[in-house]
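A.B. asks: Structure, please.
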Amino acid sequence: MTEMTLAQALNSALDVALQDPLVVVIGEDIGKTGGVFRITDGLEQKYGEQRVIDTPVAESGIVGAAFGMAVAGLRPIVEIQFMGFSYPAYDQIVNHVARIRNRSRHRFTAPMVIRLPYGAGIGAAEHHSESTEAVYAHIPGLKVVVASTPANAKGLLLAALDDPDPVIFMEPIRLYRAARGDVPDGPYTTPIGSAEVEQHGSDVSLISYGAMMRETRQAASRLAGDGVSAEVIDVRTLVPLDVDTIVSSVERTGRAVIIHEAPLSGGYGSEIATLIQERALYSLRAPVQRVAGWDVVVPLRLAERHYMPSVDRIVSTARHAMET
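C.D. replies: Next comes the predicted model:
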């Protein structure tokens, strides 16, 4: 075990991955400068510019080139600088990357990973602070993974690379250097499609993922001080979703609060809430609650903290569920 930040854990995962000669890392500024967040720092020097490839600013071209590599037998890892920059590549992702297995009747697939740094909290405003995971979760043929701890980040990234189909791998920007923890040395994988119950409780299930796990954990601690026993679930994988773990938790606690920083309307929390209603309705002692970002564009720095779900909002919503 080595203590690392989330950024260092991702760098370690990429270092392990590149030991396979079929793996190629491709993206803007990832070689000479190590990427906008320095996640690929030192990798070009170690593996060469044919394996860690700097590209022009052309997201559609980057994903299209990686798609061709994947179909041809390589295992590319794409870095898009910010989630909001992925939209120029949306045509490639949806019409080609996600559909090649179906279109070719399973003769071809696209074993590739598209890394998307996402979320608010660094004062970068729109395009640099997007949290549009529901868009990609809606597309058949894609898996969608969101890491929140260093250990899970490394294990999930290596698992995504092993997957025979394309994976959208979301990385919470504001946790890159804020999240620290022990990370196993060497290669290992964390199963895709498996949620993690981080803390067991009996009164309310707090269900979240990615960047908002930090506030969710803090809210659980504050609720414990009030005598409320909160169960904390890190979803980790949006597609495929570990419905059984979520439903089992709600059946025990009878209450659910879902937290994400994406806008409320059409957010992925709606999907989780619906599945709870379908599978655990008669166990509910209160309506399923959601705490999310507002239905506006992520604001400039001074207003950003008013946009993001806070510990206070999570605690208040959980208390309301307890009183219902």
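A.B. asks: For the stretch 101-250 of the chain, which segments count as strands?
C.D. replies: Here the stretch 101-250 of the chain has its strands, by DSSP state E, counting those that start in this stretch, at 113-118, 143-146, 167-172, 180-183, 196-199, 204-208, 230-234, 237-239.
A.B. asks: tell me how far the shortest one is from the chain's mean position?
C.D. replies: If I follow you right, that is strand 237-239. Centroid separation between strand 237-239 and its chain, computed with CA atoms, centre = their mean, to the nearest Å, is 8 Å.
A.B. asks: List the buried residues of the helix or strand bottoming out on mean pLDDT in the chain.
C.D. replies: When each helix and strand of the chain is scored by mean pLDDT, DSSP states H and E, helix 301-307 comes last, with a mean of 89. Using 16 or more other CB atoms under 10 Å as the test for burial, helix 301-307 gives 304, 307. All C-beta atoms are positioned from the backbone trio N, CA, C, and that covers glycine.
A.B. asks: next SSE after that helix?
C.D. replies: Heading C-terminal from helix 301-307, the first helix or strand you meet, by DSSP states H and E, is helix 311-323.
A.B. asks: mind saving the C-alpha coords of that next one as PDB?
C.D. replies: Presented in PDB, the C-alpha positions along helix 311-323 are these (Å, rounded to 0.1, in the frame of the first residue of the first chain):
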ATOM      1  CA  VAL A 311     -23.600  19.300   3.600                       C
ATOM      2  CA  ASP A 312     -26.300  21.500   5.100                       C
ATOM      3  CA  ARG A 313     -28.700  20.600   2.200                       C
ATOM      4  CA  ILE A 314     -28.100  16.900   2.500                       C
ATOM      5  CA  VAL A 315     -28.500  16.900   6.300                       C
ATOM      6  CA  SER A 316     -31.700  19.000   6.000                       C
ATOM      7  CA  THR A 317     -33.200  16.700   3.400                       C
ATOM      8  CA  ALA A 318     -32.300  13.600   5.400                       C
ATOM      9  CA  ARG A 319     -33.900  15.100   8.500                       C
ATOM     10  CA  HIS A 320     -37.000  15.900   6.500                       C
ATOM     11  CA  ALA A 321     -37.200  12.200   5.400                       C
ATOM     12  CA  MET A 322     -36.900  11.200   9.100                       C
ATOM     13  CA  GLU A 323     -39.800  13.400  10.000                       C
END
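A.B. asks: on contacts alone, who are the packing partners of that helix?
C.D. replies: Identification of packing neighbours for helix 311-323 by 3 or more CB pairs under 8 Å, 6 or more residues apart in numbering; DSSP states H and E yields strand 204-208, helix 213-225, strand 256-263, strand 289-293.
A.B. asks: so which of the ones you listed comes closest to residue 79?
C.D. replies: strand 256-263 (21.3 Å; CB to CB).
A.B. asks: hang on, the earlier thing: could you dump the helices and strands packed on helix 311-323 to CSV with distance to residue 310 and mean pLDDT?
C.D. replies: Below are those laid out as CSV (distance: least, CB to CB, whole Å; pLDDT from 0 to 100):
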stretch, distance to residue 310, mean pLDDT
strand 204-208, 13, 98
helix 213-225, 7, 97
strand 256-263, 10, 97
strand 289-293, 9, 97
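A.B. asks: which of these sits most buried?
C.D. replies: strand 204-208 (a mean of 29; mean count of other CB atoms under 10 Å).
A.B. asks: Starting from that strand, tell me which strands it pairs with and how they run.
C.D. replies: Counting by DSSP bridges, the strands paired with strand 204-208 are strand 230-234 (parallel), strand 256-263 (parallel).
A.B. asks: What's the separation between residue 116 and residue 220?
C.D. replies: 27 Å (CB to CB, to the nearest Å).
A.B. asks: Where do the helices of this protein begin and end?
C.D. replies: For the chain, the helices defined by DSSP state H cover 6-17, 43-47, 59-71, 90-92, 100-103, 133-137, 150-162, 213-225, 243-253, 268-280, 301-307, 311-323.
A.B. asks: And the contacts of the fifth one?
C.D. replies: Read that as helix 100-103. Residues outside helix 100-103 that contact it (CB atoms under 8 Å, 6 or more residues apart in numbering): 67, 71, 108, 109, 110, 140, 141, 165.
A.B. asks: looking at those, which has the most residues close by?
C.D. replies: residue 110 (26 neighbours; other CB atoms under 10 Å).
A.B. asks: can you pull the contacts of it?
C.D. replies: Contacts of residue 110 by CB under 8 Å, 6+ apart are 67, 70, 71, 96, 97, 100, 101, 165, 166.
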